[in-house]
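Participant: sequence below, structure please.
(2 chains)
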Amino acid sequence: SQKIEQNSEALNIQEGKTATLTCNYTNYSPAYLQWYRQDPGRGPVFLLLIRENEKEKRKERLKVTFDTTLKQSLFHITASQPADSATYLCALEGTGGFKTIFGAGTRLFVKA
Amino acid sequence: DVKVTQSSRYLVKRTGEKVFLECVQDMDHENMFWYRQDPGLGLRLIYFSYDVKMKEKGDIPEGYSVSREKKERFSLILESASTNQTSMYLCASSLAGATNEKLFFGSGTQLSVL
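Facilitator: Numbering: from 1, shown residues only, chains lettered A, B, ... in the order given. Reported below is the predicted structural model:
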């Protein structure tokens, strides 16, 4: 069955460092992959989308890579700040197109 | 700015009650979705709708129903609430088309069933 895996352990990093989060998937061939940010008690907020024919995408301090051979996406936040502390969700287009399937998310803590 | 509004942030209900969760979007989106989110399980799709009066089952529809009488409003109904339906419920919407390239979420409703 289709499966998305994100590191369930929280990631703790020091302010100014680069945070790297991983999303692995199996039994999928998604046309695109998305990353969302979720703060406690709030709904997810869309950050970036990367298509299967794109290797890398950037938006300000964010960078996403998409390796369809490894079935993996990496999400980087450079020069991280305490305000970046949140849970980051990976999402893929599910079978049939209408469904978006989410990973369980990785919690990021950035210490000042 | 785009907005998806869920009627309640917190709800406490008793087992067996009929529960209505309301969601309204102001973006004229065709597609609307209901997810539930539980620790360690991520978001799971309950139902979705791609047009008024249309609905499709998601991955976990048992114990739920939905209603979409108007384009901007999508309601989730728990016919007889049970304790295992205690969860965070999230409504989302997206533009028309078979693919959802960007979902807009509401702030969520934390439902507790006692």
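Participant: can you give me the pLDDT of the spatially most central residue of chain B?
Facilitator: By C-alpha atoms, centre = their mean, the mean C-alpha position of chain B lies nearest to residue B:34, the distance being 2.7 Å. Here the pLDDT value assigned to residue B:34 is 97.
Participant: show me the contacts for it.
Facilitator: Counting by C-beta atoms under 8 Å, 6 or more residues apart in numbering or on different chains, residue B:34 makes contact with B:21, B:23, B:45-48, B:58, B:64, B:66, B:74, B:76, B:89-91. For glycine as for every other residue, the C-beta is placed from the backbone atoms N, C-alpha and C.
Participant: how about residue B:103?
Facilitator: Counting by C-beta under 8 Å, 6+ apart, residue B:103 touches A:34, A:36, A:44, A:46, A:91, A:100, B:33, B:92, B:93, B:94.
Participant: least confident of the residues you listed?
Facilitator: Minimum pLDDT across those falls on residue A:100, with 86.
Participant: any idea what that residue is bridged to?
Facilitator: residue A:93 (DSSP bridges).
Participant: surely it is in contact with residue A:49?
Facilitator: No. With contact defined as C-beta atoms under 8 Å, residue A:100 does not reach residue A:49; the gap is 10.8 Å.
Participant: now do the strands in the chain.
Facilitator: With no chain named, the answer covers chain A. Assigned by DSSP state E, the strands in chain A fall at A:3-6, A:11-14, A:19-26, A:32-38, A:45-51, A:56-59, A:62-67, A:72-77, A:86-93, A:100-102, A:106-111.
Participant: try chain B instead
Facilitator: Secondary structure of chain B (DSSP E): strands located at B:4-6, B:10-13, B:19-25, B:31-38, B:42-49, B:56-57, B:64-70, B:73-78, B:87-94, B:104-105, B:109-113.
Participant: return the residues of chain A in contact with chain B.
Facilitator: By the rule C-beta under 8 Å from any C-beta of the partner chain, the part of chain A lying against chain B is A:4, A:8, A:31-32, A:34, A:36, A:41-46, A:49, A:89, A:91, A:93-94, A:96-105.
Participant: from chain A, which residue is nearest to chain B?
Facilitator: residue A:43 (3.2 Å; C-beta to the nearest C-beta).
Participant: about what we covered before: what do residue A:100 and residue A:49 both touch?
Facilitator: Common contacts of residue A:100 and residue A:49 (C-beta under 8 Å, 6+ apart): residue A:34.
Participant: low-confidence ranges, chain B, go.
Facilitator: Chain B contains residues with pLDDT under 70 at B:1-2, B:97-100.
Participant: relative to residue B:16, how far out is whatever residue of it ends up closest to chain A?
Facilitator: Closest contact between chain B and chain A, by C-beta to the nearest C-beta, is at residue B:105 (3.2 Å). Residue B:105 sits 29 Å away from residue B:16, going by C-beta to C-beta, to the nearest Å.
Participant: who has more neighbours out of the two?
Facilitator: When neighbours are counted by other C-beta atoms under 10 Å in any protein chain shown, residue B:105 and residue B:16 differ, and residue B:105 comes out ahead with 22 against 10.
Participant: backbone dihedrals for residue A:78, both of them.
Facilitator: The phi/psi pair for residue A:78 (degrees, to the nearest 10) reads phi -90, psi 160.
Participant: that one: neighbour count?
Facilitator: Other residues near residue A:78 come to 14 when the count uses other C-beta under 10 Å.
Participant: now do residue A:57
Facilitator: For residue A:57, the neighbour count with other C-beta under 10 Å is 16.
Participant: what sits against the nearest residue to it once chain neighbours are set aside?
Facilitator: Leaving aside its chain neighbours, residue A:57 sits nearest to residue A:50 (4.6 Å; criterion: C-beta to C-beta, 6 or more residues apart in numbering or on different chains). Residues near residue A:50 by C-beta under 8 Å, 6+ apart: A:32, A:33, A:34, A:56, A:57, A:64, A:65, A:66, A:73.
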